[in-house]
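Novice: Sequence first, then the predicted structure, then my questions.
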Amino acid sequence: MTGARLRLLAWLVALSGFLSGCTAGVGLQDAASAPASPSVAPEAAAQRPGAAAGTAFAPPPAPIPTATATATATASPPPVPAQAPDPAPAAAPQPFALDLYREGDFVPQYTFDWCVAASIQMAHNLMDDTGGGTWTDRAQQSELWEMARARSSDSFNGANPFGWAQVLTLSGMGPYGVVSVPDYQEALRTAARAITETGRPVGLVMWSGRHAWVMSGFESVGDPRQFPEFRVTGIRVLDPLYPYGSGQWGPSPSPDSLQSPEQLATQFVVREPRRWSSGLAAGYLLVLPQAG
């Protein structure tokens, strides 16, 4: 019995050592195969429910920052300067007309020499607004002729444009002067502009210096007071020789008839310089009312 107990005791001791060695080996194998985790502070481990002592846990994930809408300051574009309004288009020239003539203003020349004197009478009538002072008398026409001739130097012993202008002025219708305009269209504009500005008629030296007409009005495209380059389209004239006319220069237009520039140009031509010495350059002669 003693020997059997000793053998049993020895077997139990050996079995105990064998079991101790197997437990240690399993623990090392598990530790080697587990992923490495950072150690956690003991107090953190203690706060986790169900955590066994000595067990390591991964730290809690860091909070994801909440995106905050940030207003981006955007520089405002500079203000666009206000543009000045486009200027209004210039007004286009419109038809314009002016006529000084009234019934009864026409006076015929009583002789073939007295055209200047008859033109002076008609100029007076065109300017007289009373209606009671019409100049038509033959004796007066003769007197005006002598006045104009006395103030002219003319190799043909007649009245020239200078005598014509002086008598107009002396008779209270002036001042008048004599001008020579080399360009035909400009001569028409000069005459029309003078009528518009003064309200008085213009004398036209016709037939290259041989005859006198009166310009009583005109038509144009554009008012001469607004458009310097207005265009004369019609000329109203009084020929004291009406209804006789000239075999060389053509018929006399009826009183205050409207002549086109082309029609007028057949009788209103450049003065012939050799007829009388005036000191003026050759051109279209006008007995022109002047501001005064």
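Specialist: That came through fine.
Novice: all strands for this protein, in order.
Specialist: Applying DSSP state E to the chain gives strands spanning 95-99, 176-181, 202-206, 211-221, 231-238, 257-259, 284-289.
Novice: Make TSV out of these and add mean pLDDT, distance to R151 and mean neighbour count.
Specialist: Every C-beta, even on glycine, is put in place using the N, C-alpha and C of the backbone. Listed next are the strands of the chain as TSV, based on pLDDT from 0 to 100; distance: least, Cβ to Cβ, whole Å; neighbours: other Cβ atoms under 10 Å:
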stretch	mean pLDDT	distance to R151	mean neighbour count
strand 95-99	98	30	15
strand 176-181	97	12	21
strand 202-206	98	14	25
strand 211-221	98	15	24
strand 231-238	98	22	23
strand 257-259	98	29	17
strand 284-289	98	13	24
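Novice: Now distance to W164 too, for those, in CSV please.
Specialist: As requested, these are arranged in CSV below (distance: least, Cβ to Cβ, whole Å):
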stretch, distance to W164
strand 95-99, 22
strand 176-181, 8
strand 202-206, 6
strand 211-221, 7
strand 231-238, 14
strand 257-259, 21
strand 284-289, 5
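Novice: Can you say which of those strands is nearest to V167?
Specialist: strand 176-181 (8.8 Å; Cβ to Cβ).
Novice: helices or strands up against that closest one?
Specialist: In terms of contacts (3 or more Cβ pairs under 8 Å, 6 or more residues apart in numbering; DSSP states H and E), strand 176-181 is packed against helix 161-168, helix 184-198, strand 284-289.
Novice: can you redo those as CSV with distance to A88?
Specialist: Shown next, in CSV, are the helices and strands packed on strand 176-181 (distance: least, Cβ to Cβ, whole Å):
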stretch, distance to A88
helix 161-168, 43
helix 184-198, 25
strand 284-289, 35
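Novice: Now do V179 against L241, distance only.
Specialist: Distance, V179 to L241, by Cβ to Cβ, to the nearest Å: 24 Å.
Novice: Below-threshold pLDDT in this protein: ranges please.
Specialist: 1-82, 84, 86, 131-132, 154-156, 273-277 (pLDDT under 70).
Novice: looking at it, P161 is touching V287, isn't it?
Specialist: Yes - with contact defined as Cβ atoms under 8 Å, P161 counts as touching V287 (5.4 Å).
Novice: okay, and the common contacts of these two?
Specialist: 178, 203, 205 (Cβ atoms under 8 Å, 6 or more residues apart in numbering).
Novice: Including distance to S257, could those residues go into a markdown table?
Specialist: Below are the shared contacts of P161 and V287 laid out as a markdown table (distance: Cβ to Cβ, whole Å):
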| residue | distance to S257 |
| --- | --- |
| V178 | 25 |
| G203 | 17 |
| V205 | 19 |
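Novice: ranges for the helices of the chain?
Specialist: 2-33, 42-47, 115-127, 138-150, 161-168, 184-198, 261-264 (DSSP state H).
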